[in-house]
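*Asks:* sequence first, predicted model second:
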Amino acid sequence: MPLTKTIAMILLMAFIPLIQGGRVVFYNQRNFGGLPYVVLLSEWQVCVTIQACHDNKPLSVKWNRLPTTSTTRLVFYSGPRCTEYGRDFEMSFNQDDNYLTDFSNIGLGGKVSSLMITESTTRIDKFENASCLVNAWLENNKNSTA
């Protein structure tokens with residue numbers, strides 16, 4: 001693993017547990033390969049657009065620390081601001097590490113632009129853009145010597 005990717009992963013794993021709320025980790029390759037892109041979720045009914053950082057690139061995803069009630073769902077959309085084609089999953093779906101290894105299997109391969117955690121409704125209370133901090137650091141340091 002290149003040095004910059006190793007350092008980024010160490011920093012990422014060290015600081016993410018300090019932040020309250022859940023997280024969704026996108027990967028730009030199937031089966032959780034390639035560079036991770038973390039979206040932190042601290043509120044529900046908030047549409048998070050990942051367009052600026054990772055638009056139309058995610059091919060697999062994992063999530064944790066999200067609510068697991070029977071009415072809570074994680075929804076992925078092909079358009080920004082939670083528009084266009086959407087696919088939702090019950091939060092109990094991630095039991096026993098049963099995550100999405102390939103978005104292509106649900107018609108969203110390389111097409112995810114936004115996501116939202118819903119609780120019994122798809123009403124959107126607020127819009128946010130995901131932070132590009134980790135991806136920007138990786139891009140700026142990808143030509144460093146390993």
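*Replies:* Good, I have the coordinates. Numbers count the residues shown, from 1 in each chain.
*Asks:* for this protein, just list every one of the strands.
*Replies:* 22-29, 33-41, 46-49, 60-64, 72-79, 83-90, 114-119, 126-129 (DSSP state E).
*Asks:* isn't residue 76 up against residue 82?
*Replies:* No: with contact defined as Cβ atoms under 8 Å, residue 76 does not reach residue 82; the gap is 9.4 Å. C-beta coordinates here come from the backbone N, C-alpha and C atoms, glycine included.
*Asks:* can you tell me the closest non-neighbouring residue to residue 46?
*Replies:* Nearest residue to residue 46, sequence neighbours excluded (Cβ to Cβ, 6 or more residues apart in numbering): residue 126, at 4.7 Å.
*Asks:* return the residues in contact with the one you found.
*Replies:* Neighbouring residues of residue 126 by Cβ atoms under 8 Å, 6 or more residues apart in numbering: 43, 45-47.
*Asks:* cool, residue 33 as well?
*Replies:* 27, 60.
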